[in-house]
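Enquirer: predicted model and sequence below, questions to follow.
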Amino acid sequence: MFLGTHTPRLDDKGRLILPAKFRERLAGGLVMTRGQERCLYVFPMDEFVRVADQLRAAPVTSKAVRDYLRVFLSGASDEIPDKQGRVTIPANLRHYAGLDRDCTVIGAGGRLELWDTTAWEAYLADSEQAFSDQAEEVIPGLL
C-alpha cells in the first residue's frame, strides 16, 4: 500500500526520482496516466492491469464510460524506472498536470498521485474542511 507525502523535483530531462520507499514495488514497471483534479496517477504494472480489466468490463454503450476510457487510457504511458529510481514523465503528462520543477507525490493506497506542489497545496487547503465535515457521511461507522 502506498502511503505518505514526498516532495521530489523534476530534473531538466523531465525525470523524477521515485521516493525510496516505493522503488521496490515499482521496479518491475509502472503505468502513469491522467488522474482527476489535474494530477497524474502512477500504478504498479500489475495494479494497472487489474484496473484496466475492470474498466473493460464497463458497458461501452454508455457515453460516460467511453469518455472516461478515452481520457484515462489515451494518456497512459508504461515506464520502467532506471537503476537510480528515476522515471521519465512524458511531456504530454507533464503538461496535463502542470509539472515544472517542484512535485508532490502522495500515496493513495493502490496508486501514487503526482501533483505540482502548488496545485497540491491549494487542493489540500480547499479540501481539509470538507474532509473534516464529511468523514462520517463518506464512510459511516469507520472512525
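Expert: That came in fine, so what should we check first?
Enquirer: got the CA coordinates for the one helix or strand residue 70 maps to in PDB?
Expert: Taking DSSP states H and E as the definition, residue 70 sits inside helix 63-74. Taking C-alpha atoms only, helix 63-74 is exported to PDB below (Å, rounded to 0.1, in the frame of the first residue of the first chain):
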ATOM      1  CA  LYS A  63     -21.100   7.700 -23.300                       C
ATOM      2  CA  ALA A  64     -19.700   8.400 -19.800                       C
ATOM      3  CA  VAL A  65     -17.800   5.100 -19.900                       C
ATOM      4  CA  ARG A  66     -16.400   5.800 -23.300                       C
ATOM      5  CA  ASP A  67     -15.400   9.300 -22.400                       C
ATOM      6  CA  TYR A  68     -13.600   8.100 -19.200                       C
ATOM      7  CA  LEU A  69     -11.800   5.300 -21.000                       C
ATOM      8  CA  ARG A  70     -10.600   7.600 -23.700                       C
ATOM      9  CA  VAL A  71      -9.100  10.200 -21.400                       C
ATOM     10  CA  PHE A  72      -7.700   7.600 -18.900                       C
ATOM     11  CA  LEU A  73      -6.200   5.200 -21.400                       C
ATOM     12  CA  SER A  74      -5.000   7.600 -24.100                       C
END
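Enquirer: in this structure, what helix or strand scores lowest on average pLDDT?
Expert: One helix or strand of the chain scores below all others by mean pLDDT, DSSP states H and E: helix 117-138, with a mean of 83.
Enquirer: please identify the buried residues of that one?
Expert: 117, 119, 120, 123 (16 or more other Cβ atoms under 10 Å). (Glycine included, C-beta is placed from N, CA and C.)
Enquirer: nice, that's everything, thank you.
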